[in-house]
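Participant: Let's see this in three dimensions:
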Amino acid sequence: MREITKVLSCKPRVAKTFSEIVECEDVDLVIEAASQEAVRQYAVRTLEAGKDLVVMSVGALVDARLRRICNFLLMILGHLLKLRLEGSSSPQSTLFQQQ
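Facilitator: Just a heads-up that it's a prediction; the model follows:
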């Protein structure tokens with residue numbers, strides 16, 4: 001990761017911990033590209049921190065409880081971004097959004 005950032009004109013901040021990401025006021029969007037376990041572990045905290053979230057490991061959202069919690073947080077926190085499920089092969093790849 002650090003090698004990639006050396007060649008970019010706009011340098012991203014590389015966080016050492018997840019807490020650094022959710023506590024940073026400059027971060028608006030978190031993109032999960034790790035695993036279904038990462039979604040289960042970090043999605044709720046990400047949304048609670050007021051960050052928008054793009055989920056790549058969409059299989060985690062088969063868990064109805066996790067999906068309901070995320071849906072609720074999106075609704076009450078007023079997120080405008082639809083949660084886009086990038087790994088989905090379905091044409092209806094947006095599972096939840098603010099109503």
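Participant: which SSE is V30 in?
Facilitator: strand 29-32 (DSSP states H and E).
Participant: name the helices or strands packed onto that strand?
Facilitator: Packing partners of strand 29-32 (3 or more CB pairs under 8 Å, 6 or more residues apart in numbering; DSSP states H and E): helix 36-48, strand 52-55. C-beta here means a position set from N, CA and C on the backbone, and glycine is covered the same way.
Participant: Need those in a markdown table (columns: mean neighbour count and distance to E3).
Facilitator: As requested, the helices and strands packed on strand 29-32 are exported to a markdown table (neighbours: other CB atoms under 10 Å; distance: least, CB to CB, whole Å):
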| stretch | mean neighbour count | distance to E3 |
| --- | --- | --- |
| helix 36-48 | 17 | 23 |
| strand 52-55 | 20 | 24 |
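Participant: Give the buried residues for the strand holding V30.
Facilitator: V30, E32 (16 or more other CB atoms under 10 Å).
Participant: ok, and what's touching it?
Facilitator: Contact with strand 29-32 is made by 21-22, 38-39, 42-43, 46, 51-57, 81, as judged by CB atoms under 8 Å, 6 or more residues apart in numbering.
Participant: can you rerun that using 7 Å?
Facilitator: I21, A38, V39, Y42, T46, K51, D52, L53, V54, V55, M56, S57 (CB atoms under 7 Å, 6 or more residues apart in numbering).
Participant: on that earlier part again, identify whichever of the helices and strands packed on strand 29-32 lies nearest to L66.
Facilitator: helix 36-48 (6.2 Å; CB to CB).
Participant: And the contacts of that closest one?
Facilitator: 18, 22, 30, 32, 53, 55, 57, 59-60, 66, 69-70, 73-74, 77.
Participant: Type out the ChimeraX command that picks the buried ones from these.
Facilitator: Typed into ChimeraX, the next command selects the buried ones out of the contacts of helix 36-48 (criterion: 16+ other CB under 10 Å):
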select :22,30,32,53,55,57,60,66,70,73,74
